[in-house]
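Student: here is the input, now give the coordinates:
(4 chains)
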Protein chains: 2
Amino acid sequence: MVMKQSRTTLKDLAEDLNLSPSTISRALANHPAISDATKKKVQKKAEELGFIPNSIASSFRKKKSQSIGVIVPRIDIHFHSLVISGIEEFAYKTGYNVTIFQSKDSTTREKEIVKLLQNKMVEGVIICLAIETYDYDHFKKFKKLGVPLVFYDRVPSNYDTNKIVINDFESAFKATEHLIKRGCKRIAHIAGNQSTPIFKERLEGYKSAIRKHNLSFDEKLIIPCKSLSYEEGVQCAESFLKFSSIPDGIFCANDYTAVSVIQVFRKAGMRIPEDTAVVGFSNYPISRVIEPHLTTINDRAFQMGVEASKLLIRLIEDEKRTLKSETISLETELIVRESSMKD
Amino acid sequence: MVMKQSRTTLKDLAEDLNLSPSTISRALANHPAISDATKKKVQKKAEELGFIPNSIASSFRKKKSQSIGVIVPRIDIHFHSLVISGIEEFAYKTGYNVTIFQSKDSTTREKEIVKLLQNKMVEGVIICLAIETYDYDHFKKFKKLGVPLVFYDRVPSNYDTNKIVINDFESAFKATEHLIKRGCKRIAHIAGNQSTPIFKERLEGYKSAIRKHNLSFDEKLIIPCKSLSYEEGVQCAESFLKFSSIPDGIFCANDYTAVSVIQVFRKAGMRIPEDTAVVGFSNYPISRVIEPHLTTINDRAFQMGVEASKLLIRLIEDEKRTLKSETISLETELIVRESSMKD
DNA sequence: TATTTTTACGCAAACGTTTGCATTAGATTA
DNA sequence: TAATCTAATGCAAACGTTTGCGTAAAAATA
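Tutor: Okay, the predicted model is just below:
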């Protein structure tokens, strides 16, 4: 007896059982036209010979790869790793695989990846745009190919597509209003890159809350950052400390800068939250470590991934492509911790 | 003229150019037997018709999917997201895709995933074992199928395979010795789950340093944890504080527990590092945020991913399967920060 | 019993690419 | 000029699965 080198195929099973490959295929797929007796037999034999269906052959024939692509700026940013986790979780339960790519925030690389993904490997793509991507032409091909897209977090503006976002305006408004209700009168804002819509929204939300509560608006209290890094936060904090009248509340567009503020302010002898209350954005793990613990916005990263996955798969399985573009806006939540607990 | 519904194929190009599909295929693959003139023509036409090779068909025919699978406990743990980032980075450059799965630290789910992955979707797999996986039978099939495996971090013991690890013993030794050199006489250790080899090694490294420097060894100073969570760290710290003679140095098996210790100790009025010096393990982002900044071990997560990727792809492309199992041990680095800066 | 329906399965093509083996025409050599 | 070689391309099979359609036998109906 010759040792079969390659793995067992439908054909092998068929020969062993004196059936045709098509019957085997249908039996394993639980096709109604196959008798229960045969199904049992096939199942047993398949088990016996350790049959593993060649999913590539299947994908090829069915023109369905059962996998989705994900393009993120970087995997090792906690927010994105949470989103990916949510994507994988739902996709796995639904029988889809998740293939990931990092754009490294480079539009060039994003375009490369997009090209790669157009070769039928994936049935849909979930994307968080690279920071410098303002032009969306490279995504148009997907529409032609009938491959659905879902964007999250950094989503295209003026481009009819599917998006999962949080309401940045509303969240920022909530955060700022919280500070106001805590008695802050002079609230600063460390803002993100204003060419990125989400940070623009956060700034607007801040402004809106200030206006609504008739606080005096001072342009100097807003400091825009490029990357909202820890280091940039330190610089902002130092600037604030030089003001003749130091802010008694600071709403930061992310948690990193909020942490910097707390640390720099404390070193300078300011009490948090008594002298200055601080609110961050994103609910990063550090927000529960920094002392005092940071009040922040839960941006629902994991759920964002789940929703993206859910929507994408719904679009993929909508064979007729009847679904219209959809934007899902997730509710955020203000998590109040000590950094804003004055009074 | 009828509008072609589906995407253009080699055949379409062939008909357009009065050539055979095989010539087109070879032309695009830059096969030497094809004249430069033809190659040019084909390239041009391909561009013109927006030809995208069907990579599934190609994978199917070549029996090469150009993709690797990664099984991690959870994506949203920073360590793993760094590793994945490293894996993706190298794989991308080499032309491989990365498909990720989360075992959620469940051996059952790990087995499910392993089964999934045996269907020729991936050419190799990188794995960090689920915490409760002590039996490796489910991986054996891969060897039969000629699919190479590379384990990292939590790797199998007594199982001949490829591994990327750090030298936990050496690292723990370094960390503990550092405390000793800083003048600590009574050094405690918050240990990880002792059924996990890496934590066992860390404990041994600690013990070895204690012995080498002739410090008196006290079993009570070692507290084993289950998950090394922040909360468990708090409990350990509280235990230490109850000792009649409180430790003047603590080596923690991870950064979370180290952070807990610092916070609990400070709240209790202890000075860090003057009264008690603290060293963590892993160089998590929080280690640079906690005050005082935490001395810790850089566990080279990103590089671990790169090495895993590099080794796996080397194994994949070693068609003859001549390579023997390999264990790569990465050098760690002690990052000294304020939490251990006494004297 | 003759006819129709149902049940259970087989046939064969198809998916798009790759590749070993022709094959042809032109170039080179004897 | 005949024989050999080389360069460039075509033929056709193959990869393993799925699926529309056909068909034989069994069951149901007339």
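Student: let me know whether residue A:280 touches residue A:296 as I believe.
Tutor: Yes - counting by CB atoms under 8 Å, residue A:280 touches residue A:296, with 4.0 Å between them. Every C-beta, even on glycine, is put in place using the N, C-alpha and C of the backbone.
Student: higher neighbour count, those two?
Tutor: Using other CB atoms under 10 Å in any protein chain shown as the criterion, residue A:280 and residue A:296 rank with residue A:280 on top: 32 against 28.
Student: quick one: pLDDT of that one?
Tutor: Residue A:280 carries a pLDDT value of 98.
Student: from residue B:170, how far off is whatever residue of the stretch 151-300 of chain A ends up closest to DNA strand D?
Tutor: Across the stretch 151-300 of chain A, the shortest distance to DNA strand D (CB to the nearest atom of the strand) belongs to residue A:162, at 26.5 Å. Going from residue A:162 to residue B:170 by CB to CB, to the nearest Å gives 50 Å.
Student: what of residue A:127?
Tutor: The value you get for residue A:127 to residue B:170, if CB to CB is used, is 42 Å.
Student: swap in residue A:337?
Tutor: 39 Å.
Student: neighbour count winner among these two?
Tutor: Using other CB under 10 Å as the criterion, residue A:337 and residue B:170 rank with residue A:337 on top: 19 against 16.
Student: so that one touches residue A:290, yeah?
Tutor: No - applying CB under 8 Å, one finds residue A:337 not in contact with residue A:290, separated by 9.2 Å.
Student: confidence score at the nearest residue to residue A:33 once chain neighbours are set aside?
Tutor: Closest residue to residue A:33 apart from its sequence neighbours, by CB to CB, 6 or more residues apart in numbering or on different chains: residue A:26 at 6.4 Å. Note on residue A:26: pLDDT of 97.
Student: give me the nearest residue to residue A:9, chain neighbours excluded.
Tutor: Going by CB to CB, 6+ apart, residue A:9 has residue A:54 as its nearest residue, at 7.0 Å.
Student: wait, doesn't the one you found sit right on residue B:145?
Tutor: No - between residue A:54 and residue B:145 there is no contact under CB under 8 Å: 11.5 Å.
Student: got any residues that touch both of the two?
Tutor: With contacts taken as CB atoms under 8 Å, 6 or more residues apart in numbering or on different chains, residue A:54 and residue B:145 have residue A:7 as neighbours in common.
Student: quick one: which of these two has more around it?
Tutor: More crowded of residue A:54 and residue B:145, by other CB under 10 Å: residue A:54, with 20 against 16.
Student: I'd like the distance from the strand or helix carrying residue A:305 to the chain centre, please.
Tutor: Taking DSSP states H and E as the criterion, residue A:305 maps to helix A:301-317. Its chain's C-alpha centre and that of helix A:301-317 lie 10 Å apart, by CA atoms, centre = their mean, to the nearest Å.
Student: show the subsequent helix or strand relative to it.
Tutor: Using DSSP H and E, the helix or strand that follows helix A:301-317 in sequence is strand A:327-330.
Student: give the partner strands of that next one in its sheet and their orientations.
Tutor: strand A:162-166 (parallel) (DSSP bridges).
Student: distance of the residue in the stretch 101-250 of chain A that DNA strand D sits nearest to from chain B?
Tutor: In the stretch 101-250 of chain A, the residue that lies nearest DNA strand D is residue A:120 (13.8 Å; CB to the nearest atom of the strand). Per CB to the nearest CB, to the nearest Å, residue A:120 is found 5 Å from chain B.
Student: number of residues surrounding that residue?
Tutor: 21.
Student: tell me which residues in the lowest-mean-pLDDT helix or strand in chain A are buried?
Tutor: Lowest on mean pLDDT, DSSP states H and E among the helices and strands of chain A sits helix A:140-145, with a mean of 92. Across helix A:140-145, burial judged by 16 or more other CB atoms under 10 Å in any protein chain shown covers A:142, A:145.
Student: what does that helix contact?
Tutor: By CB under 8 Å, 6+ apart, helix A:140-145 touches A:114, A:118, A:125, A:148, A:149, B:7, B:50.
Student: starting at the chain centroid, how far to it?
Tutor: Using CA atoms, centre = their mean, the offset of helix A:140-145 from its chain centre is 22 Å.
Student: which helix or strand lies directly C-terminal to it?
Tutor: strand A:149-152.
Student: which helices and strands does that next one pack with?
Tutor: On a contact count with 3 or more CB pairs under 8 Å, 6 or more residues apart in numbering or on different chains; DSSP states H and E, strand A:149-152 meets strand A:124-127, strand A:162-166, helix A:301-317.
Student: just name the most buried of these.
Tutor: Scoring the helices and strands packed on strand A:149-152 by mean neighbour count under mean count of other CB atoms under 10 Å in any protein chain shown gives strand A:124-127 as the most buried, with a mean of 28.
Student: what about that one, average pLDDT?
Tutor: 98.
Student: paired strands for it, with orientation please.
Tutor: strand A:67-72 (parallel), strand A:149-152 (parallel).
Student: what pLDDT, on average, does the first one get?
Tutor: When pLDDT is averaged along strand A:67-72, the result is 98.
Student: same check, this time on the shortest one
Tutor: Computed over strand A:149-152, the mean pLDDT rounds to 98.
Student: now do stretch A:200-212
Tutor: 97.
Student: that older thread, got a markdown table for the helices and strands packed on strand A:149-152, with distance to residue B:196 too?
Tutor: Formatted as a markdown table, the helices and strands packed on strand A:149-152 follow (distance: least, CB to CB, whole Å):
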| stretch | distance to residue B:196 |
| --- | --- |
| strand A:124-127 | 33 |
| strand A:162-166 | 37 |
| helix A:301-317 | 26 |
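Student: could I get these as CSV with distance to DNA strand C?
Tutor: Shown next, in CSV, are the helices and strands packed on strand A:149-152 (distance: least, CB to the nearest atom of the strand, whole Å):
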stretch, distance to DNA strand C
strand A:124-127, 19
strand A:162-166, 26
helix A:301-317, 18
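Student: get me the contact residues on chain A for DNA strand D.
Tutor: A:6-7, A:9-11, A:21-22, A:25-26, A:28-29, A:53-54, A:57-58, A:60-62 (CB under 7 Å from any atom of the strand).
Student: next step: the residues you listed restricted to helices.
Tutor: A:10, A:11, A:21, A:22, A:25, A:26, A:28, A:57, A:58, A:60, A:61, A:62 (DSSP state H).
Student: list only buried entries from those residues.
Tutor: Applying 16+ other CB under 10 Å to these flags A:10, A:25, A:26, A:28, A:57, A:58, A:60 as buried.
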